[in-house]
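K.L.:
Task: produce atomic coordinates for the following.
(one chain, ligands or ions: 1)
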Amino acid sequence: MSALLELRHVDKRYGGLHVTRDVSFQLAAGDRLALIGPNGAGKTTLVHQISGVVGSDGGEVWLRGENVTRLSQAQRVRRGLARTFQITTLAPHLPAQRQIEMALFEREGLGGGLWRSVDSYPHLSQEARELLERFGLAAHAATPTQDLAYGEQRLIEMALALALRPKVLLLDEPMAGVPKGDGGRLLAALDALPRELGVLIIEHDMDLVFRLANRILVLCEGAVLADGTPDEIRRSPAVRAAYLGN
Ligand SMILES: Nc1ncnc2c1ncn2[C@@H]1O[C@H](COP(=O)(O)OP(=O)(O)OP(=O)(O)O)[C@@H](O)[C@H]1O
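P.N.:
This next block holds a predicted model:
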């Protein structure tokens, strides 16, 4: 099967610091690929390179058979790549449903969502409601996102990303800062993501990684140390020595 996302020899330097080194891997439809590695290994930088937040100094990023290395973030989104938005960078005072409607307006090329009346687009309003329901947030449709529990805000982030109908979803530490008690709902939401999506997830919680991922990519000092199934990674002496401990 051809890859949804492919990195070919991707490199990034910040001055003298070689942050990602010759990184190559593929993500196929249905993959749940966990990107793990010690602090400072280059995980976030790599996700920035994939989404186009930062450029690369070498190598190529391919999305659904197209070289997108030189494309902007917005162009990559239009081609099916989404990452979770930081809710705080949106409009936290807006009701949850309105936030999602705005993302849907954006997807449909209807700019200026804030000023549009949703009455003219009942199908989008319906889609926003369904997304809220899917994430168990229907009761909070009218709640400003800033008044939601932190775990619920992270669910809204995921709903916003899915509103774009992506083929590839990048999740940067979706469980970070979520209180243990709220983790279950987020986990259920991760489990319920559309099967055919290709998902790349940065996560520090190894229990979650081994529960969720069908493949694990280990990054160490910017380079791929290992790429394999959870079992292969668990058994890899190199990974144990460098990262997992014994
Ligand atoms: N904009 C930047 N300018 C200079 N150095 C940077 C920049 N962004 C990241 N770095 C450096 O690149 C290295 C990799 O950082 P990155 O955040 O990608 O690692 P990470 O694996 O995501 O770490 P963590 O698990 O702690 O989030 C670090 O040494 C970091 O200080």
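
K.L.:
Can you name the residues in contact with stretch 65-81?
P.N.:
Residues outside stretch 65-81 that contact it (CB atoms under 8 Å, 6 or more residues apart in numbering): 2, 4-5, 50-53, 56, 59-64, 164-168, 170. All C-beta atoms are positioned from the backbone trio N, CA, C, and that covers glycine.

K.L.:
Oh, that last question was meant for stretch 197-213, not what I typed.
P.N.:
Counting contacts by CB under 8 Å, 6+ apart, the residues outside stretch 197-213 that touch it are 4-5, 27-36, 43-44, 47, 50, 166-176, 187, 190-191, 193, 216, 230, 234, 244.

K.L.:
What subset of the residues you listed is buried?
P.N.:
Among these, those scoring as buried are 4-5, 27, 29, 31-36, 43-44, 47, 50, 166-175, 187, 190, 193, 216, 230 (criterion: 16 or more other CB atoms under 10 Å).

K.L.:
need the residues of this structure near the ligand, please.
P.N.:
Residues of the chain lying near the ligand by CB under 6 Å from any ligand atom: 14, 17, 19, 37, 39-45.

K.L.:
Specify the beta-bridge partners of the nearest residue to Arg215 once chain neighbours are set aside.
P.N.:
Using CB to CB, 6 or more residues apart in numbering and skipping residues adjacent in sequence, the residue nearest Arg215 is Leu33, 4.8 Å away. Beta-bridge partners for Leu33, by DSSP bridges, are Leu200, Arg215.

K.L.:
quick one, helices of the chain?
P.N.:
43-51, 73-78, 96-107, 122-134, 150-163, 183-191, 206-212, 230-235, 237-239 (DSSP state H).

K.L.:
Dump the C-alpha coordinates for the fourth one into PDB.
P.N.:
What follows is helix 122-134 as a C-alpha-only set of coordinates in PDB (Å, rounded to 0.1, in the frame of the first residue of the first chain):
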ATOM      1  CA  PRO A 122     -27.600  24.200   8.700                       C
ATOM      2  CA  HIS A 123     -25.700  21.200   7.400                       C
ATOM      3  CA  LEU A 124     -22.500  22.600   8.900                       C
ATOM      4  CA  SER A 125     -24.300  23.300  12.200                       C
ATOM      5  CA  GLN A 126     -25.500  19.700  12.200                       C
ATOM      6  CA  GLU A 127     -22.000  18.400  11.500                       C
ATOM      7  CA  ALA A 128     -20.600  20.500  14.400                       C
ATOM      8  CA  ARG A 129     -23.300  19.000  16.700                       C
ATOM      9  CA  GLU A 130     -22.400  15.500  15.500                       C
ATOM     10  CA  LEU A 131     -18.700  16.100  16.200                       C
ATOM     11  CA  LEU A 132     -19.500  17.400  19.700                       C
ATOM     12  CA  GLU A 133     -21.600  14.300  20.300                       C
ATOM     13  CA  ARG A 134     -18.900  12.000  19.100                       C
END
